[in-house]
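J.: Predicted model and sequence follow; I will ask about them next.
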Amino acid sequence: MSTSSGVQYKYVPVDPLFWNQWNFHNTGQKGGANDADIDAVEAWDFGLGDTRVVIAVVDMGVENHGDMMYYRLVNGYDYAGFSILSNPLVPDGDPSPGDGCVAHGMACAGLAAGAHDYFGIAGLCSECKVMPIKIFDDFGRGLSDNKQIATAIAHAGLYGASIMTNSWAFNRCDTGTFAHKDIRFAIRYANNVMPIFFAAGNGLGCVKFPANMKEVIAVGATDSINGRWWYSPTTSSGDSMDIVAPSGDVNLYGDIWTMDINGNRGYNPPENCDYGPLSDYVDQNYTRRFGGTSAACPQAAGTAALLKSYDVKSTWRNLTVTDIKEVIKHSSDDLGTPGWDSNFGWGRLNAMKALVAISRGDIDKNGLITLVDIIWLVNYVFDKDRIATGCLGSDPGNCWTPTPHKGLADTNCDGIISLVDVTYLVNFYYNNPPGSPAPPICYHYNYP
Ligand SMILES: [Ca+2]
Ligand SMILES: [Ca+2]
Ligand SMILES: [Ca+2]
Ligand SMILES: [Ca+2]
């Protein structure tokens with residue numbers, strides 16, 4: 001199969017609800033524009049993640065689910081406690097979402113890491129683990145104690161998370177007052193060990209705090225036809241939109257399919273709650289109504305988790321926190337005014353381009369640079385101009401379907417594919433001369 005852009009891919013999820021997930025793979029199936037998506041299918045040719053990668057979901061809790069089995073949940077924490085008037089906040093070790101309407105944490109976790117199996121939806125990093133950290137109570141009421149919120153953020157840093165996703169914000173355009181200093185401190189602390197993603201915030205016009213901190217990646221939202229959603233902020237001086245990702249409308253009028261709290265709880269069925277439309281998917285474990293910058297953010301975090309997964313499998317790539325953030329920004333699909341702009345930031349998240357940026361030279365996409373890659377590259381470089389006679393199995397140059405991207409052959413990032421790339425990769429593989437560099441992170445994507 002291939003996309004309209006000619007990029008080939010081999011793997012498509014078998015999850016029955018996947019065809020609804022236009023944000024991951026948009027063929028116009030919901031009336032949207034072809035390819036107005038994040039190229040998730042093309043990215044999955046690089047793998048579905050790694051169990052060593054943990055995504056901290058700082059939200060309203062995550063529980064065992066058909067698409068998020070208990071063994072994929074690492075210990076988290078409930079900083080909000082179960083809150084009813086007669087029962088004061090009692091933080092505990094159970095960050096499950098409770099019995100209310102608020103499936104926000106489940107919905108975010110599903111987008112970042114829903115399982116690829118024969119059930120439900122598909123998420124971005126299917127093999128990754130999730131650390132649920134709860135800062136909202138079972139009724140969706142946020143913690144009022146900023147020190148507790150700061151502790152929750154620091155928790156992810158202290159207990160081994162690799163990526164943090166935050167689909168929440170304060171309703172303010174500045175970077176907070178003295179009372180918010182602990183939150184700022186915790187974010188700067190956690191930023192030392194992992195990339196942090198924040199929803200840019202809905203409807204206030206500006207990028208909200210903490211998304212407007214320079215340390216974090218702020219994620220806005222685009223619709224299915226390449227436009228900015230009305231609620232997605234434009235930036236002014238002092239704040240920063242980094243990227244956008246596809247999403248639906250707010251207040252459960254969206255059309256993003258994801259996990260819900262199991263059974264007769266959560267967003268579905270909606271009649272249990274006092275908001276939202278009165279129809280949803282028949283399986284109460286899933287919702288088709290998510291949206292807002294809340295749904296955009298975990299897609300960026302899930303993509304970062306795929307990058308981190310590639311990194312931990314790799315023997316040669318060693319990504320820093322800054323590397324991952326830079327790759328997420330600069331591998332996006334530019335929309336609007338060329339370059340960074342106030343509507344779309346650097347552009348719309350593109351998971352495939354992000355993976356291609358960090359894996360030049362790894363032609364077979366297995367995380368390693370081996371003789372196999374060199375042989376593929378040699379055959380491609382020497383055979384690419386010959387008229388193909390069909391794939392005979394012994395001639396990789398002719399057989400090479402560049403899945404998912406020809407850029408993998410541009411090992412030295414000079415924008416062309418040539419014998420120089422072969423030499424570059426051979427030198428690195430044999431470390432001759434000593435210190436021969438690994439393929440660089442590379443944002444060139446247009447090859448004939
Ligand atoms: Ca699934
Ligand atoms: Ca439900
Ligand atoms: Ca390889
Ligand atoms: Ca080259």
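T.: Thanks, I have it. Ligands and ions are numbered 1, 2, ... in the order given.

J.: which SSE is the residue nearest to R52 when sequence neighbours are not counted in?
T.: In space, and not counting its chain neighbours, R52 is closest to V312: 5.0 Å by Cβ to Cβ, 6 or more residues apart in numbering. C-beta coordinates here come from the backbone N, C-alpha and C atoms, glycine included. Using DSSP states H and E, V312 sits within helix 292-313.

J.: which secondary structure elements does that helix contact?
T.: Counting contacts by 3 or more Cβ pairs under 8 Å, 6 or more residues apart in numbering; DSSP states H and E, helix 292-313 packs against strand 54-59, helix 104-113, strand 163-166, strand 196-199, strand 217-222, strand 243-246, helix 321-330, helix 351-358.

J.: now do 7 Å
T.: Using 3 or more Cβ pairs under 7 Å, 6 or more residues apart in numbering; DSSP states H and E, the elements in contact with helix 292-313 are helix 104-113, strand 163-166, strand 196-199, strand 217-222, strand 243-246, helix 321-330, helix 351-358.

J.: nearest to ligand 2, of the ones you listed?
T.: helix 104-113 (8.6 Å; Cβ to the ion).

J.: still on that earlier bit, can I assume the residue nearest to R52 is in contact with V54?
T.: No. The criterion here is Cβ atoms under 7 Å, and V312 misses it with V54 at 11.0 Å.

J.: of those two, who's got more company?
T.: V54 (24 against 16; other Cβ atoms under 10 Å).

J.: Which residues are in contact with that one?
T.: V74, C128, K129, M131, G160, A161, S162 (Cβ atoms under 7 Å, 6 or more residues apart in numbering).

J.: isn't there a strand covering the fourth one?
T.: Yes. Counting by DSSP: H, G, I helix; E, B strand; the rest coil, one finds M131 located in a strand.

J.: Spit out the contact partners of it.
T.: V54, I55, A56, V57, V74, G76, A156, A161.

J.: How many residues are close by G435?
T.: For G435, using other Cβ under 10 Å, the count is 8.

J.: Could I get the pLDDT score of it?
T.: For G435, the pLDDT comes out at 96.

J.: Does it fall in a helix, a strand, or a coil region?
T.: coil.

J.: in the stretch 101-250 of the chain, which segments are predicted with low confidence?
T.: Within the stretch 101-250 of the chain, the ranges that satisfy pLDDT under 70 run 236-239.

J.: Residues of it that sit close to ligand 1?
T.: By Cβ under 5 Å from the ion, the residues of the stretch 101-250 of the chain that approach ligand 1 are A115, D117, F119, G120.

J.: wouldn't the first one be in contact with N64 here?
T.: Put plainly, it is A115. No. Checked against Cβ under 7 Å, the pair A115 and N64 is beyond contact range at 11.8 Å.

J.: So for the two, which sits in the more crowded spot?
T.: A115 (23 against 12).
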